[in-house]
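Engineer: Let's see this in three dimensions:
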Amino acid sequence: MRKTTLAIAGFMLCAAPLIAADEPFGSRPAVSSAAEGPGADASGEPQPWGTTNFTAVSLSTWGFTPLGDGQWGHFAATGWSQRAAAGNTTTCADVHLPTGSRLSFITTFTNDTDAANDITYTLFDFQIVNSTSLTPFVFSTSGAPGIQRVLRSISPAVVIEGTHAYVLCIGHGAVGSTNQSAGATLWYQLQVSPAPATATFPNDVPTTSGFYRFVEALAAAGITGGCAPGSFCPNDPVTRGQMAVFLSTALGLHFPN
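Structural biologist: Below you'll find the predicted structure:
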């Protein structure tokens, strides 16, 4: 799995070999910015921080594992495209995203060249504790032949749970189908944790405070222990030393030994 923040222009450079002139994908289709990704800032680039911007996680077909006895071929020119040669025609890959983040979009990369078969993307959500399974996202290329690179909404969004496992599977149709896929890009947002029922600093940041949820998130993450037992001192100025503690702890800063 490759985690990256992608500018629209940078993404097009990255994806260009996907449909090079000597590729079965043929000539490059026109693609709107909406197909690239959501939540870009003024520079056109999504940023991997904050709760409004999106971060992209790209899954190349090299990272997908065939189910059963599937035999697969990657086109040597790029290593992206993949199709069934024999056996099972579905491949799957683990999805690893930060716990608590919100998965809202997926960009699918497909080349439906088989009139009798469709390409299907399915996101599975497995609850490890009780072995139950959900399918929060299913997409099929039915009625959409040819090369498609489309940003699709996952609705409702999936909040990543630490006790769940997430798997993305791509099905290519029957054995011998000429359909091709080129992986997927998942788009998620970070979130601030929900507020707990009991205040850590009841003396000056009670549950009714507008700062409550955010102060509690800092405390739960070990970024602050307050200024005194039961107190956070929200109106006190922050010294440069305190700021160093806050930032270093929050970012997990380190240096080589």
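Engineer: how about the strands of this protein, start to end?
Structural biologist: Counting by DSSP state E, one finds strands in the chain at the ranges 2-4, 55-59, 65-66, 71-74, 82-86, 90-95, 102-112, 120-127, 132-140, 146-159, 164-171, 180-189.
Engineer: Which elements pack onto the third one?
Structural biologist: Contacts defined by 3 or more C-beta pairs under 8 Å, 6 or more residues apart in numbering; DSSP states H and E place strand 65-66 against strand 90-95. C-betas here are computed from N, CA, C, even on glycine.
Engineer: Need the strands of the chain in TSV (columns: distance to residue 251 and mean neighbour count).
Structural biologist: Below are these laid out as TSV (distance: least, C-beta to C-beta, whole Å; neighbours: other C-beta atoms under 10 Å):
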stretch	distance to residue 251	mean neighbour count
strand 2-4	17	13
strand 55-59	16	21
strand 65-66	34	14
strand 71-74	38	14
strand 82-86	38	18
strand 90-95	25	19
strand 102-112	21	23
strand 120-127	30	18
strand 132-140	31	14
strand 146-159	23	16
strand 164-171	26	19
strand 180-189	19	24
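Engineer: okay if I get these as a markdown table plus mean pLDDT and distance to residue 246?
Structural biologist: Below are the strands of the chain laid out as a markdown table (pLDDT from 0 to 100; distance: least, C-beta to C-beta, whole Å):
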| stretch | mean pLDDT | distance to residue 246 |
| --- | --- | --- |
| strand 2-4 | 38 | 25 |
| strand 55-59 | 91 | 22 |
| strand 65-66 | 84 | 42 |
| strand 71-74 | 64 | 47 |
| strand 82-86 | 72 | 46 |
| strand 90-95 | 92 | 31 |
| strand 102-112 | 93 | 25 |
| strand 120-127 | 95 | 34 |
| strand 132-140 | 93 | 35 |
| strand 146-159 | 92 | 26 |
| strand 164-171 | 94 | 31 |
| strand 180-189 | 92 | 23 |
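Engineer: May I see these organised as JSON lines, with distance to residue 250 added?
Structural biologist: Listed next are the strands of the chain as JSON lines, based on distance: least, C-beta to C-beta, whole Å:
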{"stretch": "strand 2-4", "distance to residue 250": "19"}
{"stretch": "strand 55-59", "distance to residue 250": "17"}
{"stretch": "strand 65-66", "distance to residue 250": "36"}
{"stretch": "strand 71-74", "distance to residue 250": "41"}
{"stretch": "strand 82-86", "distance to residue 250": "40"}
{"stretch": "strand 90-95", "distance to residue 250": "25"}
{"stretch": "strand 102-112", "distance to residue 250": "20"}
{"stretch": "strand 120-127", "distance to residue 250": "29"}
{"stretch": "strand 132-140", "distance to residue 250": "30"}
{"stretch": "strand 146-159", "distance to residue 250": "21"}
{"stretch": "strand 164-171", "distance to residue 250": "25"}
{"stretch": "strand 180-189", "distance to residue 250": "18"}
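Engineer: looking at those, which is closest to residue 256?
Structural biologist: Among the strands of the chain, the nearest to residue 256 by C-beta to C-beta is strand 2-4 (22.4 Å).
Engineer: Could you chop the protein up by domain?
Structural biologist: According to automatic domain parsing, the chain comprises the domains 2-189, 194-257.
Engineer: what is the rounded mean pLDDT of the shortest one?
Structural biologist: The predicted model assigns domain 194-257 a mean pLDDT of 93.
Engineer: Please compute how far it lies from its chain's middle.
Structural biologist: On the basis of C-alpha atoms, centre = their mean, to the nearest Å, domain 194-257 sits 28 Å off its chain's mean C-alpha point.
Engineer: Let's see the distance spanning stretch 120-140 from one end to the other.
Structural biologist: Stretch 120-140 has an end-to-end distance of 4 Å (C-alpha to C-alpha, to the nearest Å).
Engineer: So what touches it?
Structural biologist: For stretch 120-140, contacts defined as C-beta atoms under 8 Å, 6 or more residues apart in numbering pick out 95, 106, 108, 118-119, 141, 152, 154, 156, 158, 161, 163-171, 184.
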